[in-house]
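**Student:** need the 3D shape of this:
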Amino acid sequence: MTEYSRPPTLDSVPTLFCLPYAGGAASAYRAIRKTLAGVAEVVPLQLPGRESRFAEPPRVSVTEITDEIAPRTHRPYAVYGHSMGARIAFEVVRELRRRALPPPVRLYVGGAHPPDRKVPLAAAVDLPDDAFVDQLIRRAGAGTELRDVPELRELALPVLRSDFGWIKGYRFTPEPPLDVPVVAFAGLDDTEVPPPLMLGWGRHTRSRFHLGTVRGGHLFLADPHADLARLLAADLAGDGGPEPIEDDEAHLWLTTDAAGPAQPTGATQPAGIARRYGAGRPELRCAAACHDGLTLAAVTLGHAAGVAIGPPGAPDTTDDLLQAGEREQIEGMAEEDRPWLALRARTAKRALAEGTGVDPALIGFPDLAAPGPWRPLTGRDPGLGLDRWRVTHLSLPTPRGEVLAAVALPYDRPRLRLTRLTEASC
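**Tutor:** Numbering: from 1, shown residues only. Okay, here's the model as predicted:
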């Protein structure tokens, strides 16, 4: 099942077992194996029905994959799965735990719905071939050659239908969260599994959780401009150097330590940030919000930002922060949805007000049911300077349950990174 050649000099580095996306094969990890040479021994797992195992009927077997990995758990190892492969990797790690084998040092997941959530695209497996292929091209980033090259289509469709059949038939069984750090990656242009949705993977670990946004779409694994290999190398190497941050990034730090208060919003160099990013960096900006022992901080490179955490309970839909048009929108929704929509609106207004200094009562949004990022209304008063700002809602898994937060940033498409810690970070 494995496809690798083991260099003799890799005895001191971890093994990175890799599982493919639906229809994918071991060759999808060729570039990553080259980039990580000397950092990790990359072992792509070849599933039946593809490439060197083409003669076998396509299938997905968590038991067989676990059997392949189990003999090599005596040394440090990690597991990466992309899209379908992430769900397989999650189940393999749980099966290794059931067998009382040493756990991986990391579970890496890319472009994948959390395992306790359905995969909407899986329903496409019941469509006729043409419609099925069209859905894969439009929503999952499959190449148009899947539609236009008959020979490729003939070879690929049986594997794709088998893989999507497995995804559709998958049923999540609740078990205790993993004690393994989970690092998730989301594509900036992935509309099927956007970064906020990937936060749901944090529900499945009691250990550290980290989300990174990389350039590319749903199949950013194959995107030559994606940052995946570089981020994997940095995490596996664990050199402990200063946190790198780029101009279009916002780094979010979530802590659950109630022992100390959050730093004031707008602080430029809180002590925790100085430790993580290196002292003497006045260009760093930090905004923070604190509620009920939770602290969410946003760090940017020279840009203002605003952060807010939604308060508990159902907000009053007549709150002064809601404008007449927004109250009308809420009243037009199902009764059970009204408190949630009002909470989203109030939290977004507070985050945007923190970042811009604008009175939150003057801030309006055109569509409170939009998935986001939200664009504030600017037509009535362009002098407020809100035209560049966008608000992203985040549903944050914490030991206290799901918490709604909002992050306001003055650029269209920020790359978000979020790390959940258990110690104060800002």
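
**Student:** show me where the chain has strands.
**Tutor:** For the chain, applying DSSP state E gives strands covering 15-19, 41-44, 77-82, 106-110, 182-187, 209-214, 249-255, 284-291, 294-301, 306-309, 390-398, 401-409, 415-421.

**Student:** reformat those as a markdown table; add mean pLDDT, mean neighbour count and distance to Met198.
**Tutor:** (Glycine included, C-beta is placed from N, CA and C.) As requested, the strands of the chain are exported to a markdown table (pLDDT from 0 to 100; neighbours: other C-beta atoms under 10 Å; distance: least, C-beta to C-beta, whole Å):
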| stretch | mean pLDDT | mean neighbour count | distance to Met198 |
| --- | --- | --- | --- |
| strand 15-19 | 97 | 25 | 17 |
| strand 41-44 | 96 | 24 | 22 |
| strand 77-82 | 98 | 26 | 12 |
| strand 106-110 | 98 | 27 | 8 |
| strand 182-187 | 96 | 26 | 4 |
| strand 209-214 | 94 | 23 | 6 |
| strand 249-255 | 92 | 24 | 13 |
| strand 284-291 | 89 | 22 | 21 |
| strand 294-301 | 91 | 24 | 17 |
| strand 306-309 | 94 | 27 | 19 |
| strand 390-398 | 90 | 20 | 11 |
| strand 401-409 | 92 | 22 | 14 |
| strand 415-421 | 91 | 21 | 9 |
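
**Student:** what's the closest of those strands to Val159?
**Tutor:** The closest of the strands of the chain to Val159 is strand 15-19. By C-beta to C-beta, the value is 14.2 Å.

**Student:** can you list the strands that that closest one pairs with?
**Tutor:** Here strand 15-19 is paired, per DSSP bridges, with strand 41-44 (parallel), strand 77-82 (parallel).

**Student:** mind saving the C-alpha coords of the first one as CSV?
**Tutor:** The C-alpha atoms that make up strand 41-44 are tabulated as CSV, following Å, rounded to 0.1, in the frame of the first residue of the first chain:
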residue,chain,number,x,y,z
GLU,A,41,9.9,10.9,5.7
VAL,A,42,6.7,11.4,3.6
VAL,A,43,4.8,8.1,3.0
PRO,A,44,1.8,8.5,0.7
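
**Student:** give the contact list for Gly23.
**Tutor:** Applying C-beta atoms under 8 Å, 6 or more residues apart in numbering to Gly23 gives the contacts 136, 142, 156, 159-160, 163.

**Student:** close enough to count as contact, Cys286 and Ala298?
**Tutor:** Yes: Cys286 is within contact range of Ala298, at 7.0 Å (criterion: C-beta atoms under 8 Å).

**Student:** what sits against the residue nearest the centre of the chain?
**Tutor:** With distances taken as C-alpha atoms, centre = their mean, the chain has Met198 as the residue nearest its mean C-alpha position (3.3 Å). By C-beta under 8 Å, 6+ apart, the residues touching Met198 are 109, 111-112, 114, 184-186, 211.

**Student:** likewise for Arg375?
**Tutor:** Arg375 makes contact with 365-366, 389-390 under the criterion C-beta under 8 Å, 6+ apart.

**Student:** now Leu301
**Tutor:** Going by C-beta under 8 Å, 6+ apart, Leu301 touches 245-247, 249, 283-285.

**Student:** may I ask which two of the residues you listed are separated the most?
**Tutor:** Glu246 and Arg285 (13.9 Å).

**Student:** okay, now Glu145: neighbour count?
**Tutor:** Glu145 has 12 neighbours, counted by other C-beta atoms under 10 Å.

**Student:** rewinding a little: dump the strands of the chain to JSON lines, plus distance to Arg97.
**Tutor:** Converted to JSON lines, the strands of the chain look like this (distance: least, C-beta to C-beta, whole Å):
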{"stretch": "strand 15-19", "distance to Arg97": "15"}
{"stretch": "strand 41-44", "distance to Arg97": "20"}
{"stretch": "strand 77-82", "distance to Arg97": "12"}
{"stretch": "strand 106-110", "distance to Arg97": "11"}
{"stretch": "strand 182-187", "distance to Arg97": "14"}
{"stretch": "strand 209-214", "distance to Arg97": "17"}
{"stretch": "strand 249-255", "distance to Arg97": "25"}
{"stretch": "strand 284-291", "distance to Arg97": "34"}
{"stretch": "strand 294-301", "distance to Arg97": "28"}
{"stretch": "strand 306-309", "distance to Arg97": "33"}
{"stretch": "strand 390-398", "distance to Arg97": "20"}
{"stretch": "strand 401-409", "distance to Arg97": "24"}
{"stretch": "strand 415-421", "distance to Arg97": "21"}
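
**Student:** of these, which is nearest Gly325?
**Tutor:** Among the strands of the chain, the nearest to Gly325 by C-beta to C-beta is strand 390-398 (16.9 Å).

**Student:** which non-adjacent residue is nearest Lys168?
**Tutor:** Spatial nearest neighbour of Lys168, excluding adjacent residues (C-beta to C-beta, 6 or more residues apart in numbering): Ala122 at 3.9 Å.

**Student:** quick check: closest non-adjacent residue to Ala40.
**Tutor:** Computed as C-beta to C-beta, 6+ apart, the closest residue to Ala40 that is not its neighbour in sequence is Leu16, at 4.3 Å.

**Student:** mind listing what Ile88 touches?
**Tutor:** Ile88 neighbours (C-beta under 8 Å, 6+ apart): 19, 60, 62, 65, 81.

**Student:** quick one: these as JSON lines, columns for distance to Gly357 too.
**Tutor:** Converted to JSON lines, the contacts of Ile88 look like this (distance: C-beta to C-beta, whole Å):
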{"residue": "Leu19", "distance to Gly357": "47"}
{"residue": "Val60", "distance to Gly357": "53"}
{"residue": "Val62", "distance to Gly357": "53"}
{"residue": "Ile65", "distance to Gly357": "53"}
{"residue": "Gly81", "distance to Gly357": "44"}
